[in-house]
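Trainee: Predicted model and sequence follow; I will ask about them next.
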Amino acid sequence: MKTGYLLDMDGVIYRENHLIPGAADLVNAFVQTSTPFLFLTNNSAPTPGDLVVKLRHLGIPNLGPRHFYTAALNTADFLSETHAACTAYVIGDSGIAAALQERQIANDSIAPDYVVVGEGQIATEKILKGHELIEKGARLVEGRVEAVDVAGGRVRGVTVAGPGGARRIDTPRFVNAAGPFTKAVGRLLGVELPVFCERHCKVAFNDTRRAVPREAPMMIWTDPVRLPWTAEEREELGESDAIRHLLEELPAGVHGRPEGAGESPVVLGIWTYDIEPVEPEFPIVFDPASAEIVIRGLSRMIPALSGYAQRLPRSFVDGGYYTKTEENRFLACPLPVEGAYLLGGLSGYGLMSSNGAADLLADHIAGRALPSYARAFHLDRYQDPAYRSLLPTWGDSGQL
């Protein structure tokens, strides 16, 4: 029986733009001995040709596109096998678009069968368009972990339900990185996790008044905000228990920036003025007044936006959940069930902390030496009485 090898790339062959020692020798040995091998990556942005060039620059020549299989190719294969001659609206970089074209799946921005989201630089306009197409009937393909098989105190497999039905995947390791469903997935393992969710919305609106210069940077108001209301509006708000709180001081952190290239009129405003914990549900139900409240909040920082108070611009409200621990410090660690791991509670710092959090979790999984700060992000920290005594007086976490 001939043996072949499936190889991950980032963290196995290279880290960032540096080869891991021995990687070039390993690949060269495969080539010299005609040993079959294939690089796999869950990154949909690069094409196989892009990866050939990347590895050539890093010191591994003589590879071809056939040596790489990306998430984009996997998506294209799935769609072409399950729905021949389908069309798709693509949100993502060239890798996903090229893979779909190779499988003769046409890009369709009018009435696609699917909306396909990949990695890369994604403008808000593309997200808005994708959302609009899904509402018109385009399919969003998804899968859901329904059960984790635990026997003898360790993970044995998972059951995933999708459009084609449920299927079991045998595995000795399972990472709970379920974002807002981190707590629910923990319960599949019989583990209660100390996380909760906050609803965070983004308001994209057409700044027809050009109140925000296109060259403006991200702007953040770090003081608490009292919304500007007319005397008549204040009287009306004061008569309703449901909305009277809008007359009070609201949390700091309203921020925004221009969005899109060139002459795009879009401005993106973000403000979590309601920080009550909620149970995650999809589709997310946002406050019907979100757009008005965020724009009024931004007007404290950018007075020219107050011109929209009487007639709001066309707006689109979207967002998600921040999954947080009490002190807003993420968790990257093993769980009490052998073979189960946790990467969660990244809150709004995901973009900044996810790489370091993933590296830390990889050290746990691979059994490598842990950095000195590992315990600070371990679930066991809550068993330390000294640490728990700090929580009631933790103070401001700096969360926007």
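Mentor: Nice, I can see it.
Trainee: Any buried residues in the helix or strand of the chain with the lowest mean pLDDT, and which?
Mentor: One helix or strand of the chain scores below all others by mean pLDDT, DSSP states H and E: helix 124-135, with a mean of 77. Buried residues in helix 124-135, counted by 16 or more other CB atoms under 10 Å: 124, 126-127, 130-131, 133. Every C-beta, even on glycine, is put in place using the N, C-alpha and C of the backbone.
Trainee: Touching, residue 273 and residue 250? I think so.
Mentor: Yes: counting by CB atoms under 8 Å, residue 273 touches residue 250, with 4.7 Å between them.
Trainee: Which residues are in contact with each of these two?
Mentor: 225, 297 (CB atoms under 8 Å, 6 or more residues apart in numbering).
Trainee: contacting residues around the least confident helix or strand of the chain?
Mentor: 89, 91, 109, 111-112, 115, 117, 138, 140, 204, 259-260, 264, 266, 268, 316, 318.
Trainee: now do 7 Å
Mentor: 89, 91, 109, 112, 115, 117, 140, 204, 259-260, 264, 266, 268, 316, 318 (CB atoms under 7 Å, 6 or more residues apart in numbering).
Trainee: The spatially most central residue of the chain and residue 118: what is the separation?
Mentor: For the chain, the residue nearest the mean C-alpha position is residue 350 (7.6 Å; CA atoms, centre = their mean). Computed as CB to CB, to the nearest Å, the residue 350 to residue 118 distance reads 18 Å.
Trainee: What of residue 306?
Mentor: Noted for residue 306: a distance of 39 Å to residue 118, by CB to CB.
Trainee: Who has more neighbours out of the two?
Mentor: Neighbour tally, residue 306 and residue 118, criterion other CB atoms under 10 Å: the higher count belongs to residue 118, 22 against 15.
Trainee: Pretty sure the more buried one sits against residue 73.
Mentor: No: between residue 118 and residue 73 no contact is recorded; they are 11.3 Å apart, counting by CB atoms under 7 Å.
Trainee: The residue nearest to the centre of the chain is in what secondary structure piece?
Mentor: According to DSSP states H and E, residue 350 maps onto helix 350-366.
Trainee: List the buried residues of that helix.
Mentor: Quick answer for helix 350-366 (16+ other CB under 10 Å): 353, 357-358, 360-361, 364.
Trainee: in terms of contact count, name the helices or strands touching it.
Mentor: If contacts are counted by 3 or more CB pairs under 7 Å, 6 or more residues apart in numbering; DSSP states H and E, helix 350-366 sits against strand 331-334, strand 340-344.
Trainee: Relative to the whole chain's centre, how far out is that helix?
Mentor: 14 Å (CA atoms, centre = their mean, to the nearest Å).
Trainee: next SSE after that helix?
Mentor: Sequence-wise, the next helix or strand downstream of helix 350-366 (DSSP H and E) is helix 385-390.
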